[in-house]
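Here is a sequence with its predicted model. Questions after.
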Amino acid sequence: MYGSNLVPDDAERTAFRRAEKKYKVYYDDSKSSKKKKQLKQVDLSEVVDFKAILQSFNQSGEVPPGTFALQCDFDRPVFCIENRPGFYFIPDALTVEEQGKWIRESLISFPQPYNRTNHNAVYGPIRDLFMAAKERKILVEEENSTGGLDSMSDSSITNNDAEIWKFVEENSVSSRGSTCKSVSASVLLRKLRWSTLGLQFDWSKRNYAVSLPHNKIPDALCELAKKMAAPAMSKGEVFQPEGAIVNYFGLGDMLGGHLDDMEADWSKPIVSMSLGCKAIFLLGGKSRDDPPLAMFLRSGDVVLMAGEARECFHGVPRIFTDQENAEITPLELTFSQADDLSFLEYIRNSRININIREVF
């Protein structure tokens, strides 16, 4: 589902892919290596802005044609789209403090084993990646070592071939020789694309591997998800968080059009929380040929997709990392203390999405 600046040859074949191409990141061609690459301008005039809709609704009670405010007992406005039943948008749902908390958890706790990440296939379960990046450490492979994960220190990892990797100080790498395989923790952090919480999702088989050991979804995140899911739940029912996927985006990253279709009961919502830089979200129809609706997702927004909306293709073709469009000033103030500068450095150029599911 992830991509970078590569566009498939058949990018023009469906309405969804045409929209992806319209909004994705492109650079102006420049033959001068001295000049910094400049982003090409993109027409955002057709992108739905629920922040503006919320402001208008609070002032006048009015919403644009094609949208409506849900009548429910929720403690803030919830907006729906008339031709996309089961889709709910809750702008500014999370406080700045909540956003800061879950950004920290997403970087420190959520990639920790037994949770799996995209790095598992190459390096095995990596421990303390964010702290290692903060301390400028290097991940190195130590060949001809014995022992398993249980016998190693917390700073070590192992892959399926029992080749042990561990983080070491940067200045110690040169003494290991030119054949030593190594990669910096900061590079691994920037290449972190997903982690899984609770029941582990097997990306190769596209199903939940219930036999895999896993860390429990934090109680505080479960309670938050239950609260946010309420507008999409039938009366008397309570959302039961069982699995979650955390996506990490940098400039140029995109999440291609897809369906979240591996859960048993599609009447239950996926609860999707946005953190960090602003993004464009595409909500299509039941076919990739259906023209998608583009909308902004900002830090603190929550989206619910339940029922028919679970059958709609959706994706994220772009995030905004420039100061004018990222819209993360409140987060910059939250991470203004000296101890938080590593979080600030990361989130200034990134977006995190936590999507929580009831699996069975």
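Nice, thanks for sending it over.

where along this structure do the helices fall?
In the chain, the segments counted as helices under DSSP state H are 15-23, 50-60, 96-108, 120-123, 129-134, 185-190, 219-229, 323-326, 329-334, 341-347.

so where's the chain uncertain?
The model of the chain has pLDDT under 70 over residues 1-12, 30-36, 143-163, 175-179.

rerun at 50
For the chain, applying pLDDT under 50 flags the ranges 1-8, 11, 33, 145-163.

ok, back up a step: highest mean neighbour count out of the helices of the chain?
Mean neighbour count (mean count of other CB atoms under 10 Å) peaks for helix 129-134 among those, with a mean of 21. Quick note: C-beta positions are derived from backbone N, CA and C, even for glycine.

Give the other helices and strands that it contacts.
helix 96-108, helix 185-190, helix 341-347 (3 or more CB pairs under 8 Å, 6 or more residues apart in numbering; DSSP states H and E).

Could I get the full set of strands for the stretch 251-360 of the chain?
Counting by DSSP state E, counting those that start in this stretch, the stretch 251-360 of the chain has strands at residues 254-258, 270-276, 279-283, 293-297, 302-305, 314-319, 350-357.

Output these in CSV; the columns should cover mean neighbour count and distance to residue 115.
Output for those, formatted as CSV (neighbours: other CB atoms under 10 Å; distance: least, CB to CB, whole Å):
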stretch, mean neighbour count, distance to residue 115
strand 254-258, 19, 19
strand 270-276, 26, 17
strand 279-283, 24, 23
strand 293-297, 21, 24
strand 302-305, 25, 22
strand 314-319, 25, 22
strand 350-357, 24, 12
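
Go through the helices of the chain and name the closest to residue 43.
helix 15-23 (7.7 Å; CB to CB).

and the closest one with strand 254-258, angle?
170 degrees (axes from the mean of the first three to the mean of the last three CA atoms, to 10 degrees).

Kindly export helix 15-23 (C-alpha atoms) in CSV.
Included here for helix 15-23 are C-alpha records, laid out as CSV according to Å, rounded to 0.1, in the frame of the first residue of the first chain:
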residue,chain,number,x,y,z
ALA,A,15,-10.7,7.7,-11.3
PHE,A,16,-9.0,6.9,-8.0
ARG,A,17,-5.6,6.7,-9.5
ARG,A,18,-6.1,10.0,-11.4
ALA,A,19,-6.9,11.6,-8.1
GLU,A,20,-3.8,10.1,-6.5
LYS,A,21,-1.7,11.5,-9.3
LYS,A,22,-3.4,14.9,-9.0
TYR,A,23,-2.5,15.3,-5.3
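
now that helix and strand 279-283, what's the angle there?
Using the same axes, to 10 degrees: helix 15-23 against strand 279-283 is 160 degrees.

Out of the strands of the stretch 251-360 of the chain, which gets nearest to residue 25?
Closest to residue 25 of the strands of the stretch 251-360 of the chain, according to CB to CB: strand 314-319, at 5.9 Å.

residues making contact with the closest one?
Contacts to strand 314-319, defined as CB atoms under 8 Å, 6 or more residues apart in numbering, come from residues 1, 16, 19-25, 42, 249-251, 253-259, 276-284, 292, 297, 305, 350-351, 353.

what's around residue 264, how many residues?
For residue 264, the count of nearby residues is 10 (other CB atoms under 10 Å).

show me what contacts the residue nearest to it when sequence neighbours are not counted?
Excluding its sequence neighbours, the residue lying closest to residue 264 (CB to CB, 6 or more residues apart in numbering) is residue 360, at 5.0 Å. Residue 360 is in contact with 242, 263-265, counting by CB under 8 Å, 6+ apart.
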